[in-house]
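> the sequence and its predicted three-dimensional model are supplied below.
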Amino acid sequence: MQMPDVPMNVPIDDPNADTEWNDILRKHGVIPEKPPSPTPMIEEALSEARRLAHENRLEGKDLDELAALEDEEDEDFLESYRQKRMAELSATTAASIYNQVYHVQKPDYSKDVTEASKTAHVLVLLTSSQGTNTESRVLIEIWRELARRFGDVKFCQMRADLCIERYPDKNTPTVLVYRDGDIKRQIVTLRELGGARTSVQDVERVLVDVGAVKLGDTRLQRNKKEEVDEGASKIRTGTTGGDEDDSDWD
């Protein structure tokens, strides 16, 4: 079929349809080539997601949880994860050199905070100058608990007005996250975390977001809370046993 060389209006119901007429129009450049179907790419992405989920199914489990899976997992595969977890625990233990809240003085700020952040994450809590700020008191208690659990992160505390002259008390508590000698994040008051209701889990989320703690770290209290919530949900819905549907990975 010979197509004319002069431009012309050609009736096209659906330029993406697989019709003989559209094939002719594409051949002569009247309409563009049909874009490739996204279906193969989506299927490939889903397949890769399932593969990674299966390979990483043991991530975040502690040694006791791994031991409980001895009858369900391949022995060599399980042993490799056990060795990996032991190496991670050993590295964390070696890096746990702080384990307390450090009350910083202004003359030592550069050494205790800026320089220290070149080897570890340093979180500085600037508290209320008057000592009557409810949110400051909430975060002081959380600071103590997290410092005990995450000894590889340095938790510091300082009265805001002693750190920054005339710092507004209404902006306290303020959290400064240091790494590699720079401030990577700052949180002014607890408004974005939950106000006076801010929990340990809320601050743990900050630790994960800034990279101070890995998401699967077994020290995270929120991991334990999620396990309890998931178990309770399964009891309520009657799904405490049996195989999980593969569709969950979708």
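Sure thing, it's come through.
> in the chain, which spans are strands?
101-103, 122-127, 154-159, 174-179, 182-188 (DSSP state E).
> can I get those in CSV with distance to Ala45 and mean pLDDT?
Yep, even glycine has a C-beta here, placed from its N, CA and C like the rest. Below are the strands of the chain laid out as CSV (distance: least, CB to CB, whole Å; pLDDT from 0 to 100):
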stretch, distance to Ala45, mean pLDDT
strand 101-103, 45, 95
strand 122-127, 37, 96
strand 154-159, 40, 95
strand 174-179, 32, 96
strand 182-188, 31, 95
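> just name the most buried of the ones you listed.
strand 122-127 (a mean of 25; mean count of other CB atoms under 10 Å).
> neighbouring strands - and their directions - for it?
Strand 122-127 has these partner strands in its sheet, going by DSSP bridges: strand 154-159 (parallel), strand 174-179 (antiparallel).
> looking at those strands, which is nearest to Ile31?
strand 174-179 (53.8 Å; CB to CB).
> run the angle between that closest one and strand 182-188 for me.
160 degrees (axes from the mean of the first three to the mean of the last three CA atoms, to 10 degrees).
> put the alpha carbons of strand 174-179 into CSV.
This file holds the C-alpha atoms of strand 174-179, laid out as CSV (Å, rounded to 0.1, in the frame of the first residue of the first chain):
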residue,chain,number,x,y,z
THR,A,174,16.1,21.2,70.8
VAL,A,175,17.9,18.2,69.4
LEU,A,176,21.0,18.6,67.2
VAL,A,177,22.3,15.5,65.4
TYR,A,178,26.0,15.6,64.5
ARG,A,179,27.9,13.3,62.2
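> now stretch 192-209: average pLDDT?
Stretch 192-209 comes out with an average pLDDT of 94.
> from the rest of the structure, what touches that stretch?
With CB atoms under 8 Å, 6 or more residues apart in numbering as the test, stretch 192-209 has contacts from 121, 134-135, 138-139, 142, 145-146, 150, 153, 175, 177, 185, 187, 189-190, 213-215, 220-222, 225.
> let's see that with 10 Å instead.
121, 123, 133-135, 137-139, 141-143, 145-146, 149-150, 153, 173, 175, 177, 185, 187, 189-191, 212-217, 219-226 (CB atoms under 10 Å, 6 or more residues apart in numbering).
> related to what we said a few turns ago, which of the strands paired with strand 122-127 sits closest to Glu20?
Closest approach to Glu20 among those is made by strand 174-179 (62.5 Å; CB to CB).
> all helices of this protein, in order?
For the chain, the helices defined by DSSP state H occupy 20-27, 39-55, 63-67, 75-95, 109, 134-149, 160-163, 200-209, 221-237.
> and the strands of the chain as a markdown table, adding distance to Thr198?
Output for the strands of the chain, formatted as a markdown table (distance: least, CB to CB, whole Å):
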| stretch | distance to Thr198 |
| --- | --- |
| strand 101-103 | 17 |
| strand 122-127 | 12 |
| strand 154-159 | 15 |
| strand 174-179 | 11 |
| strand 182-188 | 10 |
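> closest to Ala49 out of the strands paired with strand 122-127?
Short answer: strand 174-179, nearest of the strands paired with strand 122-127 by CB to CB, at 30.4 Å.
> related to what we said a few turns ago, what about burial for the contacts of stretch 192-209, which qualify?
121, 123, 133, 135, 138-139, 142-143, 146, 149-150, 153, 173, 175, 177, 187, 189-190, 212-213, 217, 219-220, 222-223 (16 or more other CB atoms under 10 Å).
> could you chop the protein up by domain?
Each domain of the chain is listed here as a residue range: 58-91, 101-213, per automatic domain parsing.
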